[in-house]
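In: A predicted structure for the sequence below; I have some questions about it.
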Amino acid sequence: MADAHCRPLDETLEELERIAPGAPLLALGQTVFWDEPMKAGLALRLKALGSSRRLVAGSHDTDYFAKLPGEKGRRSRFRAVPHNDTTTKGLWSAAGEFSALFGGETVVTRETMAAAGARLARIEHDRPGFLDEATEAFGWRGVVANDERVPITAELPIKYALPELKATLDWALRETTACLAGSARDIGEDRADDLRKLMCDVADERQGSVGEYYERMLPELYSFVAGERVDVDTTSTTRLLGFNRETCGLPRFGLLDLFVRGETKALAKAAYDEAVAHGPGMFPLGRFGTGAVPFDVVVPGMGRGTLRIGNRGLVIMTPTPQFLSFDEPLTGVADLAEKLESKFGPDCTIVGKAVALIGMLASEFVFAFHEGASSYVKVSRAMHERLRETLGVELRLNPILRVRYSTWNAMRPVNAWLRLPGVLQRAFGTEELSAASFAERWAVVGNEQEELLAELGRCKKSNCLIKMLDRRLGGAWKCLSEEYLRLHADLEALEGEMADLLRERDEAYARLRECRRARVQAEWAKGEHWRAEIFEKKPTAEVTAERTWLSDAVEAAIHATSQAEAALRSVRARQAQRVGDPRVMNARARRREIELEAELKRVRLVREAVVSSRGLRAAERRPSAWWLPVVSPDGTWFRETVRTAQAWLEPL
């Protein structure tokens, strides 16, 4: 649907005027240091088109900083960590994400490594911890909380989180300016210092919450990124979704009403469960407890928790659950607001879980999302469709404005030189290049790296991999390839000798087993003869002669068995001598070394290929907005990115 409906941004904004006239654009983000300030371009284009539509930039302050398992007991309350597919697998740090130039949240997954032929078990055995860095998302850090219980950002004092936020932004700025060459670096460092100063100035002596700090930062960052003052309104989720007697009648709480009213709540819950059944990592309402609805309540000073509604009471699953009793089932949101305000005051917030939040706010706003953001929208749409089918409810929802940037292509007119980070240098074949050259080459490079991943996947065996490394990289790999082939040939010859010895050993074992059976049979025959012909009898000469013959047969069998045992010992000794031959052991050890070197190189190539292809594509869709003024202080990059932006309207 995106490609079919994608058009220049201005055309889509004009279409929006016809479809949803007057509805404000809503840019709601958990953090301000990632891609949200790119939406300054939307405000500027609305102004240029003469539209009266406002852009509302909001801090999603009902969210948390991520918590990492096993981080309790650290002295600092927050720290920045990378995201990899081992120690921080599954990390989601929306309230404190930072990325340096060319970086982003693209983890090089173990599945990708395995698909490219990597022998992960061997690497983990021989190089413990190697995959931590190898799978790490390049140029990305997320601030996480070390405390077991961390309040939502609306209630978390900025003074606790600010030191780590500043340190992590400083890391991202250093990494970014290190990617600039020549005079661009000096100018870029000046702009980076401007951003550091801005961050400190807005901190206001560390007063207020993280959410309030982010809200104060939003208009400043919009203007910093755009290079001019951008007129936007600001808000927060706690204000947008403040729930009390006065606000409960707003359209934004219409969806909630379907989950509260007795005549609709069962079908509404079923619609939600059916929708999330097709969403990865999403759970039906039953997982949250009896009576759960897809909404959380934020009770000031008590935290955020799932709302569970029964016929005679409700529970809010805050860290310390809050209970509320009533005599009759709730009749709707007005009744719910009355009950909540009577017990907890007028400052509660009701926020939909991810799938429900979209439908709440889209009733009054037009969400502005970048391509790739909020992937659960399709689940929200499925829930809305199911509600319409089962309840006959036609939710009046504005479409989503989805924006696609060509961030890297927009570098063509930028007057700057780039010093590529090491992870990109092999793929691009250079250390430094102009911004225009990067714009021309990045997509081609990405396709080449996808082809490399496919080729690596076809080279499962070590000899194939080493030949490929020789062909593609040459240099030391040419020498290693030749050495590996020699070792392989020598060891194949030795292994041929070992195979002969194994066959000889097997034959010796078979001969020994046959000799032992013959001995047993000879001794049994001698014993039977003694019992039948000699015991308590007078043996004849013929019997005595037969006895002598049987004894000789036993002795012959014993001798043959001894010879077979000696032959087996000889074979095993020669086998042990061959196996323990220092030349053989050294050759095998050296071959294993080369194979491990090749596997480690394979993993590094996979990492470089993923960062240079999928990583750059993801970063293009959702760049850290402050990259643009740091790399291009005259505003060329930002203006070109906005000029070439495309968009489409996504129905809900």
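Out: Sure thing, it's come through. Residues are numbered from 1 along each chain as shown.

In: Do you have the helices of the stretch 251-400 of the chain handy? List them.
Out: Using DSSP state H, counting those that start in this stretch, the helices of the stretch 251-400 of the chain run over 254-260, 265-276, 333-344, 354-361, 377-391.

In: which residues touch stretch 155-164?
Out: In this structure, residues lying in contact with stretch 155-164 by CB atoms under 8 Å, 6 or more residues apart in numbering are 65, 76-80, 96, 143, 150, 203, 206-213, 300-301, 303. To be clear about C-beta, it is placed using only N, CA and C from the backbone, and glycine gets the same treatment.

In: of the helices of the stretch 251-400 of the chain, which approaches Ala553 most closely?
Out: For Ala553, the closest of these is helix 265-276, at 83.7 Å, according to CB to CB.

In: what's the average pLDDT for the closest one?
Out: For helix 265-276, the mean per-residue pLDDT is 92.

In: Return the set of buried residues in it.
Out: The neighbour-count check on helix 265-276 (16 or more other CB atoms under 10 Å) flags Lys265, Leu267, Ala268, Lys269, Ala271, Tyr272, Asp273, Ala275, Val276 as buried.

In: Give the closest residue to the third one in space, chain neighbours not counted.
Out: What that stands for is Ala268. Nearest non-adjacent residue to Ala268, counting by CB to CB, 6 or more residues apart in numbering: Leu258, 4.3 Å away.

In: same question, the second one
Out: The spatially closest residue to Leu267, leaving aside those adjacent along the chain, is Thr390, at 4.7 Å (CB to CB, 6+ apart).

In: cool, the first one as well?
Out: Once flanking residues are discounted, Lys265 sits nearest to Phe259: 5.3 Å by CB to CB, 6+ apart.

In: The one you found: neighbouring residues, count only.
Out: 25 (other CB atoms under 10 Å).

In: same question, Arg229
Out: Per other CB under 10 Å, the neighbour tally for Arg229 reads 9.

In: So it belongs to a strand, correct?
Out: No - Arg229: not assigned to a strand; according to DSSP: H, G, I helix; E, B strand; the rest coil it is coil.

In: For it, give its distance to Ala43.
Out: 10 Å (CB to CB, to the nearest Å).

In: same question, Thr86
Out: Distance from Thr86 to Ala43, by CB to CB: 41 Å.

In: What of Arg602?
Out: Arg602 is 47 Å from Ala43, by CB to CB.

In: picking up where we left off before, and the residue nearest to Leu267, how many neighbours does it have?
Out: Using other CB under 10 Å, Thr390 has 15 neighbouring residues.

In: who touches it in this structure?
Out: Each residue near Thr390 by CB under 8 Å, 6+ apart is listed here: Leu267, Ala270, Ala271.

In: Between those residues, which sits nearest Ala541?
Out: So of these, ranked by how close each gets to Ala541 (CB to CB), first place is Ala270, at 105.1 Å.

In: where does the stretch 201-350 of the chain have low pLDDT?
Out: Where the stretch 201-350 of the chain drops to pLDDT under 70, the residues are 205-206.

In: in it, which spans are strands?
Out: 233-236, 292-299, 303-309, 313-316, 322-325, 349-352 (DSSP state E, counting those that start in this stretch).

In: before we move on, the earlier item: for the residue nearest to Leu267, give its distance to Glu220.
Out: In terms of CB to CB, Thr390 sits 46 Å off from Glu220.

In: same thing with His60?
Out: Look at His60 and Glu220: by CB to CB, they are 18 Å apart.

In: Please apply the same query to Arg591.
Out: Counting by CB to CB, the separation of Arg591 from Glu220 is 60 Å.

In: for Ala410, same thing?
Out: As defined by CB to CB, Ala410 lies at a distance of 23 Å from Glu220.

In: just Leu605 next, same as before
Out: Taken as CB to CB, the span from Leu605 to Glu220 is 42 Å.

In: more crowded one of these two?
Out: For Leu605 versus Glu220, the count of surrounding residues by other CB under 10 Å is larger for Leu605: 24 against 17.

In: And the pLDDT for the more buried one?
Out: In this model, Leu605 is scored at 94, pLDDT.

In: so it is in which element?
Out: Here Leu605 sits within helix 582-610, counting by DSSP states H and E.

In: buried ones in that helix?
Out: For helix 582-610, the neighbour count (16+ other CB under 10 Å) marks 584, 587, 591, 594-603, 605-610 as buried.

In: Also stretch 183-198?
Out: By 16+ other CB under 10 Å, the buried positions in stretch 183-198 come out as Ala184, Arg185, Ile187, Gly188, Glu189, Arg191, Ala192, Leu195, Leu198.

In: what sits against the third one?
Out: The contact partners of Ile187, taken as CB under 8 Å, 6+ apart, are Pro633.

In: where's it relative to Leu628, distance?
Out: Look at Ile187 and Leu628: by CB to CB, they are 13 Å apart.

In: The fifth one now?
Out: Taking CB to CB as the measure, Glu189 and Leu628 are separated by 16 Å.

In: ditto for the fourth one
Out: Counting by CB to CB, the gap between Gly188 and Leu628 amounts to 11 Å.

In: Spit out the contact partners of Leu433.
Out: Per CB under 8 Å, 6+ apart, neighbours of Leu433: Trp417, Leu418, Leu420, Arg441.
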